[in-house]
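K.L.:
this one's structure only:
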């Protein structure tokens with residue numbers, strides 16, 4: 001019996017030692033767990049798009065023709081709620097001055113406070129390769145933008161509109177997007193330029209946006225997402241410089257607006273549905289404004305505008321468009337856009 005007891009005590013001691021060793025081994029493993037990955041503040045967003053019409057604030061920038069776009073945006077995340085960014089983007093366009101493309105440079109800061117995501121920055125719109133069209137803007141005329149090329153080109157063919165060689169400008173902006181829940185978000189936007197499109201007129205644009213995102217299970221496990229979004233905005237505009245007040249009469253004579261054109265303010269709106277899959281988005285949208293064809297022509301200098309250019313019988317005569325030429329650049333249009341958007345951290349691991 002004593003021998004049996006000794007064997008039991010010995011077995012218990014061995015078991016205790018084994019259990020202790022196992023526990024110690026577990027503790028050692030837990031103690032050596034790898035630390036969390038270090039926070040990498042840098043990221044890069046980039047992407048491209050193709051669309052049947054490039055529309056900016058309700059007005060086509062591509063003469064209702066297809067357009068392509070690309071962008072590249074380095075980002076620095078100071079914290080998870082504060083991001084600095086700068087970027088460059090490009091779009092194909094069809095402008096009255098025959099500019100080759102739109103090149104955008106922008107930078108800003110994006111602070112986030114809970115459900116509120118802010119964005120403050122500046123955006124420069126560059127239009128290289130433009131030409132001047134205005135037979136009255138000869139050197140020494142005192143008209144802003146005067147150049148020998150202006151009189152060599154004359155006014156735009158068929159409608160007599162005028163366009164500066166340089167249409168580049170910049171804006172400053174402030175935006176906030178409010179995420180109400182997983183499905184609903186609203187936004188408020190404000191943009192200001194002291195010289196919109198280099199017209200000599202200030203521009204101020206404010207809008208409200210809304211977006212509904214469908215539940216992730218809407219299309220089962222396909223990975224397809226869906227949203228419905230819309231925007232309502234108003235563009236306020238000041239008075240142009242005298243360049244755009246001289247294009248309605250014979251070369252060399254003062255036009256009906258020697259002090260410039262007081263452009264019409266207008267409302268614009270759009271609504272559409274989008275489908276997402278991985279990095280791709282297909283957006284189908286309706287866009288419109290309340291600008292008349294006459295006021296649209298005065299504002300855009302549309303090279304494709306047509307109509308009877310005699311003021312006596314013009315079909316689109318307004319207070320700022322005495323020629324009667326009308327433009328459809330500001331009217332209702334449908335936009336179909338396919339885009340791909342990626343970030344280095346998420347998509348290039």
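P.N.:
On my side now, so go ahead. Because the structure is a prediction, the values reported are computed rather than measured.

K.L.:
show me where the stretch 201-349 of the chain has helices.
P.N.:
For the stretch 201-349 of the chain, helices defined by DSSP state H, counting those that start in this stretch occupy the ranges 293-300, 344-347.

K.L.:
TSV for those, including distance to residue 278?
P.N.:
No exception for glycine: its C-beta is placed from N, CA and C like everyone else's. What follows is the helices of the stretch 201-349 of the chain, written out as TSV (distance: least, CB to CB, whole Å):
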stretch	distance to residue 278
helix 293-300	38
helix 344-347	9
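
K.L.:
among these, which gets the worst mean confidence?
P.N.:
Lowest mean pLDDT within those: helix 344-347, a mean of 91.

K.L.:
other SSEs contacting that one?
P.N.:
The elements that helix 344-347 packs onto, with contact taken as 3 or more CB pairs under 8 Å, 6 or more residues apart in numbering; DSSP states H and E, are strand 42-51.

K.L.:
Adding mean neighbour count and distance to residue 79, write the helices of the stretch 201-349 of the chain out as JSON lines.
P.N.:
Listed next are the helices of the stretch 201-349 of the chain as JSON lines, based on neighbours: other CB atoms under 10 Å; distance: least, CB to CB, whole Å:
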{"stretch": "helix 293-300", "mean neighbour count": "25", "distance to residue 79": "43"}
{"stretch": "helix 344-347", "mean neighbour count": "13", "distance to residue 79": "15"}
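
K.L.:
For residue 221, which of these is the nearest?
P.N.:
Proximity to residue 221 (CB to CB) singles out helix 344-347 among the helices of the stretch 201-349 of the chain, at 20.4 Å.

K.L.:
Relative to residue 128, how far out is the residue nearest in space to the middle of the chain?
P.N.:
Against the mean C-alpha coordinate of the chain, by CA atoms, centre = their mean, the closest residue is residue 56 at 8.1 Å. Separation of residue 56 from residue 128 (CB to CB, to the nearest Å) stands at 18 Å.

K.L.:
Same question for residue 115.
P.N.:
Using CB to CB, residue 115 is found at 41 Å from residue 128.

K.L.:
now do residue 80
P.N.:
38 Å.

K.L.:
follow-up on the earlier one: show me the one of the helices of the stretch 201-349 of the chain that comes nearest residue 108.
P.N.:
Ranking the helices of the stretch 201-349 of the chain by proximity to residue 108 (CB to CB) places helix 344-347 first, at 19.2 Å.

K.L.:
Residue 90 versus residue 300, what's the distance?
P.N.:
According to CB to CB, residue 300 and residue 90 sit 21 Å apart.

K.L.:
actually residue 157, sorry about that
P.N.:
Residue 157 sits 28 Å away from residue 90, going by CB to CB.

K.L.:
again with residue 55
P.N.:
Here the criterion is CB to CB. By it, residue 55 lies 17 Å from residue 90.

K.L.:
Compare the two (neighbour count), which wins?
P.N.:
Set residue 55 next to residue 90 and count neighbours by other CB atoms under 10 Å: residue 55 wins out with 25 against 16.

K.L.:
can you pull out the helices in the stretch 1-150 of the chain?
P.N.:
Listed in chain order, the helices found in the stretch 1-150 of the chain under DSSP H, counting those that start in this stretch are 2-31, 148-153.

K.L.:
how far is the helix or strand just after the shortest one from where the chain is centred?
P.N.:
In this case it means helix 148-153. Beyond helix 148-153 in the direction of the C-terminus, DSSP states H and E gives the next helix or strand as strand 169-179. Its chain's C-alpha centre and that of strand 169-179 lie 10 Å apart, by CA atoms, centre = their mean, to the nearest Å.

K.L.:
was I right about residue 323 contacting residue 159?
P.N.:
Yes. Between residue 323 and residue 159 there is a contact at 7.5 Å, judged by CB atoms under 8 Å.

K.L.:
Give the burial count for residue 266, as a bare number.
P.N.:
Neighbour number of residue 266 under other CB under 10 Å is 21.

K.L.:
Over to the one 10 residues further on?
P.N.:
Counted with other CB under 10 Å, residues neighbouring residue 276 total 18.

K.L.:
Residue 110 too?
P.N.:
Neighbours of residue 110 under the rule other CB under 10 Å: 18.

K.L.:
Tell me which residues touch it, please.
P.N.:
With contact set as CB atoms under 8 Å, 6 or more residues apart in numbering, residue 110 has these partners: 82-85, 117-120.

K.L.:
List buried members of those residues by neighbour count.
P.N.:
Buried by 16 or more other CB atoms under 10 Å: 83, 85, 117, 119, out of the contacts of residue 110.

K.L.:
can you tell me how far residue 127 sits from residue 229?
P.N.:
The value you get for residue 127 to residue 229, if CB to CB is used, is 28 Å.

K.L.:
More neighbours: those two, which one.
P.N.:
Taking other CB under 10 Å, residue 127 and residue 229 do not tie; residue 127 has more neighbours (23 against 18).

K.L.:
average pLDDT for stretch 195-212?
P.N.:
98.

K.L.:
Tell me which residues of it come out buried.
P.N.:
Those would be 195-201, 203-205, 207, 209, 211, for stretch 195-212 by 16+ other CB under 10 Å.

K.L.:
And for stretch 214-233?
P.N.:
With burial defined by 16+ other CB under 10 Å, the residues of stretch 214-233 counted as buried are 214, 224-225, 227, 229, 231, 233.

K.L.:
which other residues reach it?
P.N.:
Contact with stretch 214-233 is made by 57-58, 182-183, 189, 205-213, 267-278, as judged by CB under 8 Å, 6+ apart.
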